[in-house]
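**Q** Pasted the sequence and its predicted model underneath.
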Amino acid sequence: MTYNIDVKELKKLSPNLKFGDRVILSGTVYTARDAAHKRIFELIKEGKNLPFDLKNSVIYYAGPTPAPDNLPIGSCGPTTSCRMDTYTPLLLDMGLCATIGKGERNKDVIDAIIRNKSVYLCAIGGAGALAASHIKKCEVIAFDDLGCESIKKLLFDSFPLIVGIDCCGGNIFKR
């Protein structure tokens, strides 16, 4: 099945999504990779404010390249998600709605997806230029010193994804 979904509706619709479904996602999404996750965890540990509200937000595991002239972003393909598995359960427990990346997730992440009725969405690896064509705006919002790994606020427009793990534990990698 294919769903056209705005990020604002994703949490409400996630119980309807099943592994293998296609999702065309539009709305605000945040990038964060390894180094940014480490800093987010330091902020949580110190009781400080995070760069964005986790509640009903989506993190895209990506480190976009610099934008060429007249484009909002350079190549923006997904990063291997398992590198963030240590951090993901707590972020989901704190209200994160979904993550986007590529590859399998560990049992703790799958359990957190089920517990929080969240979803893991997969982007097509190796298609960073195609992915970038569905991003209409890009703004660095935190950790600028991390370069491509800074946290960015992206505006997706009909970004093509596949449900990798649904909120019932259905898993495209275990077919």
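**A** Nice, thanks for sending it over.
**Q** and stretch 7-22, which residues are buried?
**A** Val7, Leu10, Lys11, Ser14, Leu17, Phe19, Asp21 (16 or more other C-beta atoms under 10 Å). All C-beta spots, glycine's among them, are computed from the backbone N, C-alpha and C.
**Q** So which of the residues you listed is the closest to Ile165?
**A** Ranked by distance to Ile165 (C-beta to C-beta), the buried residues of stretch 7-22 are led by Phe19 at 6.3 Å.
**Q** how far away is the closest one from Gly169?
**A** Plainly put, Phe19 is 9 Å away from Gly169 if you go by C-beta to C-beta, to the nearest Å.
**Q** Where is the longest strand in this structure?
**A** The strand spanning the most residues in the chain, taking DSSP state E as the definition, is strand 151-165.
**Q** Need the CA coordinates for that one. PDB is fine.
**A** What follows is strand 151-165 as a C-alpha-only set of coordinates in PDB (Å, rounded to 0.1, in the frame of the first residue of the first chain):
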ATOM      1  CA  ILE A 151      21.600  19.000  13.000                       C
ATOM      2  CA  LYS A 152      19.600  20.300  10.100                       C
ATOM      3  CA  LYS A 153      15.900  21.100   9.800                       C
ATOM      4  CA  LEU A 154      14.700  19.900   6.400                       C
ATOM      5  CA  LEU A 155      11.500  20.400   4.600                       C
ATOM      6  CA  PHE A 156      10.500  17.200   2.800                       C
ATOM      7  CA  ASP A 157       8.200  17.300  -0.300                       C
ATOM      8  CA  SER A 158       6.900  13.900  -1.300                       C
ATOM      9  CA  PHE A 159      10.000  12.100   0.000                       C
ATOM     10  CA  PRO A 160       9.800   8.400  -1.000                       C
ATOM     11  CA  LEU A 161      10.300   5.800   1.800                       C
ATOM     12  CA  ILE A 162       9.400   2.200   2.700                       C
ATOM     13  CA  VAL A 163       8.200   1.100   6.100                       C
ATOM     14  CA  GLY A 164      11.100  -1.100   7.400                       C
ATOM     15  CA  ILE A 165       9.700  -1.900  10.900                       C
END
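**Q** Could you pull out the buried residues of it?
**A** Those would be Ile151, Lys152, Lys153, Leu154, Leu155, Phe156, Phe159, Pro160, Leu161, Val163, Gly164, Ile165, for strand 151-165 by 16+ other C-beta under 10 Å.
**Q** Distance check, the fifth one against Ile5.
**A** It refers to Leu155. 15 Å.
**Q** ok so Cys138 is a helix residue?
**A** No: under DSSP: H, G, I helix; E, B strand; the rest coil, Cys138 falls outside any helix and is assigned strand.
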